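> quick one: sequence and predicted model below, then my questions.
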Amino acid sequence: MEQDRRRAVDPPARSASETIGRHLLGRLYQPDPRDWSLPQLLEIADPPESIRQKTVDQVIRETSYFSDWRSYLVFWRWLNRQREPVAPRDAAPAWELNVQLDQGQTGHCVGFGWSGWVDATPVAGTYQNTDAHAVYYECKVIDGEPRAENGSTVRSGALAMRARGRLAAFAFARSTAEIDQWVNTQGSLVIGTTWTDDMFAPDATGYVKPTGAAAGGHCYLMLDRLDAEDAYLFQNSWGSGWGLDGRFKMKRADFDGLLQDRGEACCAAELPH
């Protein structure tokens, strides 16, 4: 979906797109047994249809949605969506993201991937480049390496967002079927995968191909499923001078290969702000 986008108000001294290379990358995901599955998260992200048949008093007495502030806010977000439904534009709507962030000549991609998630609909925020760098350094505190410049993980970014009160819970999708379920109905996904040497240079149509040697791990944002092309649309954080005005595409099969090779596809129940 085409839309007008603007650059962040605080551009870096040198855009990431000026010198593309491995120094822009992060690290790869390490699974954690405490992470939720997507079905567990969907129980929070959207209350069951039976909720519609209950009175407020019944919801209070019979459910957990008023038991803590996070559950209350998730319920509020869901209820607001029911009261003001958005007419679907197509079978797989793109989640709007009107700001192009630029990580500059840093490896802070995790901070920028999560800041893009904050800025994207359905709960659009106003994060800029400065916010994204701050998120990265919060991730490094979580990693036990304060101020280190060696990259972070999508999971640490999710924990940083939870500490900021921006998400209620998160889970990792394990298949493209689960990803499709989330991106079609809930919002964007924060992705972390291996990034190969050939992916640094998208072709003329914006496609990257995960061939060549592994260069490192990279975090980026999934915005849409492109049914007609059997592909996905992503937002990168290397400025508007890279790819398709800062974005790129990847064939579904290629992305699935990256996902199955220690990839992260983080789905998060975003809180209103």
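Received the coordinates, thanks.

> contacts only, for the closest residue to A134 other than its chain neighbours.
Leaving aside its chain neighbours, A134 sits nearest to G111 (7.2 Å; criterion: Cβ to Cβ, 6 or more residues apart in numbering). In this view, the C-beta of every residue, glycine as well, is placed from N, C-alpha and C. Counting by Cβ atoms under 8 Å, 6 or more residues apart in numbering, G111 touches Q103, A132, H133, A134, V135, Y136, Y137, E138, C139, S152, G157.

> ok, those vs T211, which is closest?
Of all the contacts of G111, T211 sits closest to Q103, with 24.0 Å by Cβ to Cβ.

> now the helices for the protein?
38-45, 56-62, 69-83, 109-119, 129-142, 154-163, 176-185, 252-260 (DSSP state H).

> quick check: mean pLDDT of the longest one?
By that I understand helix 69-83. Across helix 69-83, pLDDT averages out at 55.

> likewise the shortest one?
Mean pLDDT, helix 56-62: 71.

> which other helices and strands does it contact?
Of the remaining helices and strands, none touches helix 56-62 by 3 or more Cβ pairs under 8 Å, 6 or more residues apart in numbering; DSSP states H and E.

> could you find the closest non-adjacent residue to A120?
L97 is the one closest to A120 (Cβ to Cβ, 6+ apart), at 4.2 Å.

> relative to Y127, how far out is that neighbour?
11 Å (Cβ to Cβ, to the nearest Å).

> kindly report the same for V59.
Counting by Cβ to Cβ, the gap from V59 to Y127 is 32 Å.

> more neighbours: these two, which one.
Neighbours were tallied for V59 and for Y127 using other Cβ atoms under 10 Å; the higher tally belongs to Y127 (21 against 16).

> give the contact list for that one.
V99, L101, S115, G116, V118, D119, V135.

> next one: phi and psi at it?
Main-chain torsions, Y127, degrees, to the nearest 10: phi -70, psi 140.

> spit out the contact partners of the residue lying closest to it once chain neighbours are set aside.
Leaving aside its sequence neighbours, Y127 sits nearest to S115 (Cβ to Cβ, 6+ apart; 4.1 Å). Going by Cβ under 8 Å, 6+ apart, S115 touches L101, Y127, Q128, D131, A132, V135.
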